[in-house]
Every structure is written in structure tokens, then in C-alpha cells.
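>>> okay, here's the prediction I keep looking at, along with the sequence it came from:
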Amino acid sequence: MSNLDTRPEEEMLSSGASCDGVELLEPRDVPLGGPRAMNVRRTLPQRQRSLIGAWCFLDHYGPDNVKESNGMNVPQHPHTGLQTASWLFTGEIEHKDSAGFEAIVRPGELNLMTAGHGITHSEFSTQETEILHGAQLWIALPDNERQMPPTFEHFSPSPVISHGAEVRVFLGSMGINEEISSSPVATHTPLVGAEILLAPGATVCLTLDPSFEHGFLLDAGQLLVDGHTLPKDFLGYLPTGRTSAVLTAKNEPVRVLLIGGEPFEEQIVMWWNFVGRTHEEIVAYRKDYMVEMGFEERSSEDAVGDPSEYDDAGLRFGTFPPNEPAPLPAPTLPNIRIKPRVNPAP
Ligand code: MN
């Protein structure tokens, strides 16, 4: 999906509190634009924590009745320098992009779009969808790969079922009780991503990579992480150095999304749907998009990227399928320089 804020902020509001070793990152409600548009609960980025590994954005939504929320209704819009990972719990989304991929995003399946130097895509919940419920995550690409050509991958993980736990590892590798589950999808930095379902009263022991930091997003039920309560819709953060975590469901079924990775040391600049390294890059990405979509003219003063950042037709964002709804215009840039996002020193 898109960050549809019509006035994206260069700094995010946040509040949070540590809770005996699990830092709690509170969600904030963000309307995705328009009078009937759906709302999301955003837990990344926020002021106190911009990234977990290379995971730099986490929007959690639903369950929404699409008759009331209007469902997902996001026409063509751009991304740069990141991957988008769509993970659904309920409903279906139709994806189309300018790299030539079309896909139906379904529950329990990873759909991973790599923007590289630039891509545009659209996402609409399908006609058959009555309830929409899921998450969209972004992953920052490292400097040496962030200008790669755009692409799209799909993976349907087989669940590990163990003592009342059902775990789908969609990126990276993780130990689940006595088993190890790995995703075949290549990552550009060391990462893990998984969905964890627990029956009421079930406990699962996860083996963690101690070089990773981790986040646990509680979607449903009542959960203890190493004995500490994680409130629903919060993202619980565990720093590096942990070799395991024990998750316990109380009286209801639990659903958790786990993200983790090696701390991402590069300083990134995020604005709207773009990830770059400098304010000037973001300005150039926005200009390329607005010119390629026909919203603005290019002037001789506009900066452009390296020739390798454009396709054979000279386009950063490629060619979208014809006869689709009109693209979203980019918001106006703020009058100040966009600030880089960095995590506090550990
Ligand atoms: Mn998007």
C-alpha cells in the first residue's frame, strides 16, 4: 500500500515505554486519505525507533468490513530504495506494478515487491473481499543494492506446527521449538519475518539470532513475551543479544507478526513512499515521478539521477499497464530539509 498521508511528516509522533526488558512501541492511527478511506495502525517508524533491522515501516489494519472502510483502494503510486512486504490475515488484494507483475495477495503468503531504483504499483481489495485484515511492511535496501532493477516475488511458506503453535517463516530463518524453518526468498540484509499463531494456553520457544534485534506485533489475543504482557496492536521490541524468546498465549487464540534483523547502520531519508540517502535524492525522485506521470514539467535546474537508475526508455518508474485508474500525485515537499532517520544508540 501507499503512505497516503496527504501531508507526510518528516518526523513521526510517538510514545512508548519500556516494560521490564520489552520496549513497547505504541501504534498511532493514520487515515490513508479520503473521506471513506481505511485507517491503519502505524508502529514503525516512530521517533524513538525508526527501524528494526532493515524493517523501516509497519502499517497494521483491520479487521475492516470493506463496505464501511472502502477496503484497500490505492491507485498507481511510486516507491524507491525499499521492498514492500504484504501479509494478509483475511481478504484478498489485487497487485499490479510497472515491472510487469500482477498478483493476488492472499492470507498466509508473502508478496515481496522490490522497488530498487523505482517502481509504481496499485493495490485494490478484490470484489469478493468482505473483511480486510493484514499488514504492510517496508524493508530498506542497503546502499549497494538500492538502485537495482525492480522485481516482485511470491512465496507461500509451509507452516511449522508444534505444541499448539503454527508458524510461517516468510523471510529468513528461525528455530521453533525443536525445528528450524527457513524461507528460500533472498534478503538484501540479514532479516527474519514470520507469522505465529498460538492456541489458547500454548507456549512456543523461538530460537533467535543474537545479532538481530526483533519486534513482535500482537494482532489478536493476549500474549506474554518472556512473561511480560504485550498489549494488542503494540510492537514489542527486543534488542540484540537475545538467543531465545518464549511466547505464551493466555485464554484466547493469539496471532503475532515477528520481524527482526541486524541493526541497519546506514542513515536513510524517508519521505512519502520514497527511501533515499539525502534530501536532494528525495527531491529528484519526486520530480521524476511527477514528470513521468504527466503532473509536472521538468526544468533545466532539476537534478536527475545516474543513467543506471533509469530503464531503456529513460524512465525511473517504468511503464504501468494501460487503462488503469489515474495515478496518485505526490504531496508537496515540505519547505524544510527532510531529516534522516537514525536509531538511538543502544
Ligand atoms: Mn505501495
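Cool, got the structure.
>>> all strands for the stretch 1-150 of the chain, in order.
All strands of the stretch 1-150 of the chain, identified by DSSP state E, counting those that start in this stretch, fall at 16-19, 22-25, 28-31, 39-44, 55-65, 73-79, 82-90, 93-97, 102-105, 110-114, 119-125, 131-140.
>>> centre of the chain versus the fifth one, how much separation?
To tie it back to what came earlier, the one meant is strand 55-65. Distance of strand 55-65 from the chain centroid (CA atoms, centre = their mean, to the nearest Å) equals 9 Å.
>>> for that strand, name the packing helices and strands.
When contacts are defined as 3 or more CB pairs under 8 Å, 6 or more residues apart in numbering; DSSP states H and E, strand 55-65 packs onto strand 39-44, strand 82-90, strand 131-140, strand 213-220, strand 254-261. No exception for glycine: its C-beta is placed from N, CA and C like everyone else's.
>>> switch the cut-off to 10 Å
strand 39-44, helix 66-69, strand 82-90, strand 131-140, strand 191-198, strand 213-220, strand 235-238, strand 254-261 (3 or more CB pairs under 10 Å, 6 or more residues apart in numbering; DSSP states H and E).
>>> center of the protein - which residue?
Closest residue to the average C-alpha location of the chain: Leu137 at 1.1 Å, with CA atoms, centre = their mean.
>>> OK, contacts around it?
44, 52, 55-60, 82-87, 112, 171, 193, 215, 217, 257, 259 (CB atoms under 10 Å, 6 or more residues apart in numbering).
>>> kindly report the same for Arg255.
Arg255 touches 89, 133, 166, 195-198, 217-221, 223, 249, counting by CB under 10 Å, 6+ apart.
>>> low pLDDT regions in the protein?
Scanning the chain for pLDDT under 70 picks out 1-20, 33-36, 342-346.
>>> quick one: closest of the strands of the stretch 1-150 of the chain to Ser181.
Closest approach to Ser181 among those is made by strand 110-114 (13.2 Å; CB to CB).
>>> what's the closest one packed up against?
strand 82-90, strand 93-97, strand 102-105, strand 119-125, strand 131-140, strand 151-155, strand 165-171, strand 191-198.
>>> so in that sheet, which strands flank the third one, and in what orientation?
In the sheet containing strand 102-105, its partner strands are strand 93-97 (antiparallel), by DSSP bridges.
>>> where does Gln284 land in three-state SS?
Quick fix: residue 284 reads Ala, not Gln. When classified by DSSP: H, G, I helix; E, B strand; the rest coil, Ala284 comes out as helix.
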